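S.K.: Okay, here's the prediction I keep looking at, along with the sequence it came from:
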Amino acid sequence: MRLLRLTKIVSVSLRFGLDRMILDADTSGRLARVWNFVFFWRTYDEPRGVRLRRALESLGPIFVKFGQMLSTRRDLLPPDLADELAMLQDRVPPFPTEQALALLQTMYGKPVDDVFGNFNRTPVASASVAQVHFAELPDGTEVAVKILRPGIEHVIAHDLALLEVAAMLLEKVWPEGRRLKPREVVAEFTKYLNDELDLMREAANCSQLRRNFKDSSLMIVPEVHWDWCGRNVMVMERMHGVQISQIEALRAQGTDLPALSRAGVEIFFTQVFRDGFFHADMHPGNIFVHRDGRYIALDFGIMGTLNEVDKNYLATNFLAFFQRDYHRVALAHIEAGWVPAKTRVDEFEAAIRTVCEPIFDKPLKDISFGKTLLRLFQTARRFEMEVQPQLVLLQKTLLNIEGLGRQLDPELDLWKTAKPFLERWMNEQMGWRALIREIKTEAPSWAGTLPQLPRLIHHTLTESGKQQAAQQARMEQLARQQRRQGWLLSAIGVLAAALLALEAYRVFGS
Ligand SMILES: Nc1ncnc2c1ncn2[C@@H]1O[C@H](COP(=O)(O)OP(=O)(O)O)[C@@H](O)[C@H]1O
Ligand SMILES: [Mg+2]
């Protein structure tokens with residue numbers, strides 16, 4: 001089965017010439033010459049980005065989603081590929097309404113019309129994972145019913161397995177590919193996709209965000225109707241508004257666009273610095289605007305969470321950046337242990353300066369936080385920093401927010417809007433007020449911890465011995481794994497030879 005999947009990937013790769021991308025990266029060019037000799041009949045007029053996009057489209061909706069996610073990883077991908085992948089559209093024909101009705105009937109144990117008044121048979125929207133219908137609760141409340149595509153779990157499990165194999169192959173046959181961390185990227189994608197498969201989880205995210213913004217004058221979030229929700233179905237308040245990309249319609253309803261644009265930035269920084277919980281799927285399809293000018297958030301499949309360390313990292317770096325204090329930025333990384341302690345501050349500082357100084361060539365108001373953070377991550381990677389996934393998620397969301405904000409109001413001053421949030425947070429974290437707060441929250445637990453101290457010390461001392469033994473075992477396991485992978489490589493070699501023969505037969509035989 002696995003071999004079959006592998007065959008499919010390799011044949012699609014050959015059809016769209018993806019192997020060329022790998023060979024082009026081979027600087028010696030020797031391998032490329034041999035390959036061109038064998039595949040002399042192949043020519044490609046289209047640029048590599050287009051070929052990659054078409055290959056993903058031909059592999060199906062999950063690969064399309066993967067491509068979309070990949071397009072946001074500008075820290076890993078060259079711009080030509082990222083731009084092309086950003087054009088992928090997650091558009092899928094809706095699944096038959098009978099299937100939706102059958103699924104709902106199984107879940108509620110009675111016909112849909114006994115559960116909802118007025119269940120609209122025509123879906124409002126349909127994507128690869130779910131589709132949405134409007135309906136009414138028995139008491140007349142308008143709701144939106146989000147239903148998971150029947151059988152999608154199997155499709156996803158199948159395609160994810162394919163992606164994992166592809167990632168492994170890429171890492172094995174292409175030394176340069178390792179830099180792209182394909183397996184890590186696929187693992188991240190798997191996590192998000194699995195989250196999207198659980199609508200109870202999405203409903204919980206929605207309800208948390210709603211609570212966080214309960215009294216907000218800037219954003220509204222639908223109410224979840226829990227009694228009607230299940231793993232495959234989410235029922236929530238139906239929201240009325242105009243999609244944010246329809247700028248003309250917004251103007252027509254008299255929305256103050258510059259205010260809306262500032263509010264977007266404010267909402268984002270509030271989520272990040274006040275709540276440490278942010279909506280991380282900020283594309284225009286998920287954002288609507290109410291007639292009164294408030295944002296309407298939808299689609300809570302992907303949320304980011306940040307802890308105090310993450311927030312501190314962000315605030316410190318942003319503030320230092322905008323004061324062009326690269327030394328402080330470099331030092332903050334080393335002190336926090338994000339980059340290895342052996343890193344030379346001056347070298348790291350110089351590297352950050354080199355990539356960031358050009359950004360600051362513009363007036364402060366035009367500078368992109370997202371891009372600045374992206375550059376920082378790219379630099380930090382060169383210095384062996386493992387960038388945390390939640391920070392990458394944040395950086396991607398920042399780029400979305402800024403793009404959106406600038407579309408609404410080209411004059412948006414990001415720095416002016418964001419600075420108060422950063423400074424307020426820093427003030428609250430530093431100084432004696434923060435210390436007193438910390439003591440207040442920590443003190444009650446001291447009564448419990450202090451008597452345990454001697455036992456804990458003893459425990460720590462004995463544990464370190466055990467850890468050494470565990471490390472030894474892990475090393476041995478790694479060695480065994482490496483031996484097994486040798487076998488795998490040979491198998492891949494045989495398969496590639498068979499495919500070569502097949503491809504040659506397809507071209508010359510027909
Ligand atoms: N609560 C709601 N009120 C009104 N429309 C909604 C609501 N929830 C979803 N929709 C509509 O359905 C579309 C798809 O919903 P979304 O949750 O974004 O699904 P997906 O995860 O497939 O993108 C939205 O773009 C919006 O048009
Ligand atoms: Mg959506």
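M.R.: Okay, I see it. Ligands and ions are numbered 1, 2, ... in the order given.

S.K.: all contacts plus neighbour counts: C-alpha atoms, from now on.
M.R.: Fine.

S.K.: Give me the distance from the helix or strand residue 379 falls within to the chain's centre.
M.R.: Residue 379 is part of helix 369-382 when elements are defined by DSSP states H and E. Its chain's C-alpha centre and that of helix 369-382 lie 16 Å apart, by C-alpha atoms, centre = their mean, to the nearest Å.

S.K.: now stretch 143-159
M.R.: Going by C-alpha atoms, centre = their mean, where stretch 143-159 is centred and where its chain is centred differ by 19 Å.

S.K.: touching ligand 1 at all, it?
M.R.: Yes - for stretch 143-159 and ligand 1, the contact criterion (C-alpha under 6 Å from any ligand atom) is met by residue 144.

S.K.: Buried residues in that stretch, which are they?
M.R.: For stretch 143-159, burial by neighbour count (16 or more other C-alpha atoms under 10 Å) applies to 143, 144, 145, 146, 147, 148, 149, 150, 156, 159.

S.K.: repeat for stretch 72-86
M.R.: 72, 73, 74, 75, 76, 81, 82, 83, 84, 85.

S.K.: For the last one, give its distance to residue 77.
M.R.: Counting by C-alpha to C-alpha, to the nearest Å, the separation of residue 85 from residue 77 is 10 Å.

S.K.: Identify the contacts common to the two.
M.R.: Any residue near both residue 85 and residue 77 by C-alpha atoms under 8 Å, 6 or more residues apart in numbering counts here, and that gives 70, 71.

S.K.: List the residues that contact the closest residue to residue 277 other than its chain neighbours.
M.R.: Of all residues beyond its chain neighbours, the one nearest residue 277 is residue 305 (4.5 Å), with distances taken as C-alpha to C-alpha, 6 or more residues apart in numbering. For residue 305, the residues meeting the contact criterion (C-alpha under 8 Å, 6+ apart) are 276, 277, 278, 390.

S.K.: Now narrow those residues to whatever sits close to ligand 1.
M.R.: Contacts with ligand 1 are made by none of the contacts of residue 305, judged by C-alpha under 6 Å from any ligand atom.

S.K.: Distance to residue 251 and secondary structure added to those residues, as CSV?
M.R.: CSV is the format used below for these (distance: C-alpha to C-alpha, whole Å; DSSP: H, G, I helix; E, B strand; the rest coil):
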residue, distance to residue 251, secondary structure
276, 33, coil
277, 31, strand
278, 28, strand
390, 35, helix
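
S.K.: Quick check: of those residues, which lies closest to ligand 1?
M.R.: Sorting those by distance to ligand 1 puts residue 278 at the head of the list, at 15.8 Å, by C-alpha to the nearest ligand atom.

S.K.: What about that closest one, how many residues nearby?
M.R.: Look at residue 278: counted by other C-alpha atoms under 10 Å, it has 25 neighbours.

S.K.: doesn't residue 145 fall inside a helix?
M.R.: No - counting by DSSP: H, G, I helix; E, B strand; the rest coil, residue 145 falls outside a helix, being strand.

S.K.: So in terms of bridging, what pairs with it?
M.R.: The partner list for residue 145 in beta bridges (DSSP bridges) reads residue 133, residue 235.

S.K.: shaky segments in this protein?
M.R.: Screening the chain residue by residue with the criterion pLDDT under 70, one finds the ranges 1-2, 5-6, 20-44, 175-177, 179, 430-468, 471, 475, 478-479, 481-510.

S.K.: Would you map out the domains in it?
M.R.: Following automatic domain parsing, one gets these domains for the chain: 2-91+165-195, 92-150+198-239, 256-429, 458-509.

S.K.: Specify which member of the buried residues of stretch 72-86 is nearest to residue 4.
M.R.: The shortest gap between residue 4 and any of these belongs to residue 85, at 26.2 Å (C-alpha to C-alpha).

S.K.: Pretty sure that closest one sits against residue 66.
M.R.: No - taking contacts as C-alpha atoms under 8 Å, residue 85 lies outside contact range of residue 66: 9.5 Å.

S.K.: Any chance of the backbone angles for the nearest residue to residue 300 once chain neighbours are set aside?
M.R.: Counting by C-alpha to C-alpha, 6+ apart, residue 300 lies nearest to residue 202, which is 5.3 Å off, once chain neighbours are set aside. Main-chain torsions, residue 202, degrees, to the nearest 10: phi -60, psi -40.

S.K.: check contacts around whichever residue of the stretch 251-400 of the chain sits closest to ligand 1.
M.R.: The minimum distance from the stretch 251-400 of the chain to ligand 1, using C-alpha to the nearest ligand atom, falls at residue 299 (3.6 Å). Residues in contact with residue 299, defined by C-alpha under 8 Å, 6+ apart, are 202, 206, 281, 286.

S.K.: From these, pick the one nearest residue 7.
M.R.: After measuring the contacts of residue 299 against residue 7 - C-alpha to C-alpha - the closest member comes out as residue 281, at 33.3 Å.

S.K.: Which residue ranges of the stretch 151-300 of the chain form strands?
M.R.: Ranges of strands within the stretch 151-300 of the chain are 219-220, 233-237, 242-243, 277-279, 287-289, 295-297, based on DSSP state E, counting those that start in this stretch.

S.K.: which one of those lies closest to residue 480?
M.R.: Proximity of the strands of the stretch 151-300 of the chain to residue 480 was assessed by C-alpha to C-alpha; the nearest stretch is strand 277-279, lying at 41.3 Å.

S.K.: Contacts for that closest one, please.
M.R.: The contact list for strand 277-279, computed with C-alpha under 8 Å, 6+ apart, reads 209, 268, 271, 272, 300, 302, 303, 304, 305, 306.

S.K.: May I see the residues you listed arranged in TSV, with distance to residue 415 as well?
M.R.: Shown next, in TSV, are the contacts of strand 277-279 (distance: C-alpha to C-alpha, whole Å):
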residue	distance to residue 415
209	25
268	13
271	17
272	16
300	27
302	26
303	24
304	22
305	23
306	21
